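1. have a look; sequence and predicted model below, questions after that.
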Amino acid sequence: MSIVVCAEQRDGKLRKISFEALSEGKRLAAASGETLKVLVMGSGIAGLADELKKYGADEIAVADNEALASYTIETYAAVLAAYIEQENPALVLMGHSGVGRELAPRAAAKVDCGLVSDCISIEFADGDYTFKHPVYAGKAIGTFKVAGPVRMATLRPNVFPIAESEGAGTVVDFVTEVPPAKVTVTGVNMSGGDRPELTEADIICSGGRGLGGPEAFALIEELADALGAAVGSSRAAVDAGWREHSAQVGQTGKVVSPNLYIACGISGAIQHLAGMGSSKYIVGINKDPEANIFNVADYGVEGDLHKIVPVLAAKLKEELS
C-alpha cells in the first residue's frame, strides 16, 4: 500500500503546505514501510513534478487537464477520489488550507473513508496511525484512530517541518474523466496584495479593538511590511467593519500557526486564542495590564500601542534593511 499526498498549487506555484505534507508523508512512509505517492492537479503544471521530486516521493502523478485550470470543488474532488480509488492507499494527506478544508471532506465522502481534520501530529505504531488535533477551541488535544483501510487527514499549516529527501521520483500522467464544473470561474481577486497568505505566514501582525478605529490599522500594516508579515485581525475589529472577514483570526475565523504572532490591542479572548494559540512565539502589546493576552504571550509590552508600534516598526526597518 501507499501514502498519498495531495499537493496544492495556485497559479502554477506549489503552496508551502504541500512541502509540509510531503515531508510528513515521507517520515510516515519510512515508519510504516509504505511507498509515498503525490498527486498534483491543474492545467499546464507538468513542470511542478521536478520540484516535488526534492521531497522524497516514490511516484508523482500529474493530472494535467484544461478543465482543472481553475479550482472548483466538483472537478478536483472527482479527480482526487478517482486517484484514491485507483491506489487504495493506507493514508491520504493534504493541507488544512482553504482548499483542503473543502476538498478533503468531499473526497472522503466520495470514497467512504474516515477523515481527521486540522491535525497537529500523526504517528504510526503497531500497524496503525494515530492522529491528534485540537478540540474544545484548543483547550484540549484529542487523539483519534480511523476505522477502515483508507484514512485521510488534513495538516495544520506551519506545524510540520519541511525536509528535503531523496526518492525515486517517477513521474506518471494520471488521466481520468473530469466532470463539468457547476461554477464558472471568471476571475480571482486576491485581497492580501503582496503580503503572505494568512494561514501560511511565518509572521503575523494582528490588530484588535484596542486600535481605536480602522485608520490605526495603518500602524499594523507598517509593522507587517517591516517584517514581511501577514496582517490579521480579531473578531471585534471585523465586527466593527474595520477589516474584512478574510483577515479574522480565531475560532470563527482562520486558524494560524506562525513562528511569530504579534497581537496589538487584542485582549486575548478564548475565541481568538483558539485561532493562534499554537503560534511558536506570541508577543502581546496592550495598555491593559490585566489583558488575557499576557497570560499566553512569551513577551508582553504594556503600553499605548499607538506610541510603541511606530517606534518598533521604524527600528525593525533600520535593523532589517
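-> Received it, and whenever you're ready, just let me know what you need.

2. and residue 317, how far is that from residue 259?
-> 20 Å (C-beta to C-beta, to the nearest Å). Heads up, the C-betas are built off the backbone N, CA and C, glycines and all.

3. please read the previous query as pertaining to residue 290.
-> 27 Å.

4. the more surrounded of those two?
-> residue 259 (12 against 9; other C-beta atoms under 10 Å).

5. any idea how far stretch 210-218 is from the middle of the chain?
-> 27 Å (C-alpha atoms, centre = their mean, to the nearest Å).

6. contacts only, for the residue nearest to residue 9 when sequence neighbours are not counted.
-> The shortest distance from residue 9 to any non-neighbouring residue, by C-beta to C-beta, 6 or more residues apart in numbering, is to residue 42 (5.5 Å). If you count contacts by C-beta atoms under 8 Å, 6 or more residues apart in numbering, residue 42 has them with 9, 12, 48, 63-64, 68-69.

7. which residues of the stretch 201-321 of the chain fall in strands?
-> Secondary structure of the stretch 201-321 of the chain (DSSP state E, counting those that start in this stretch): strands at 203-207, 230-233, 260-264, 281-286, 299-302.

8. of the ones you listed, which is nearest residue 180?
-> strand 230-233 (35.5 Å; C-beta to C-beta).

9. just give me how far the closest one sits from the chain centre.
-> That offset, for strand 230-233, works out to 15 Å (C-alpha atoms, centre = their mean).

10. same thing with stretch 71-82?
-> Put simply, stretch 71-82 sits 19 Å off its chain's centre (C-alpha atoms, centre = their mean).

11. so for that stretch, what's the average pLDDT?
-> Mean pLDDT, stretch 71-82: 96.

12. could you do stretch 259-277 as well?
-> 94.

13. list the buried ones in that stretch?
-> Residues 260-269, 271-277 are the ones in stretch 259-277 that count as buried (16 or more other C-beta atoms under 10 Å).

14. before we move on, what about stretch 232-249?
-> Neighbour count says stretch 232-249 has 232-238, 242-243, 246-249 buried, by 16+ other C-beta under 10 Å.

15. if anything else comes up later, I'll come back, but that's it for now.
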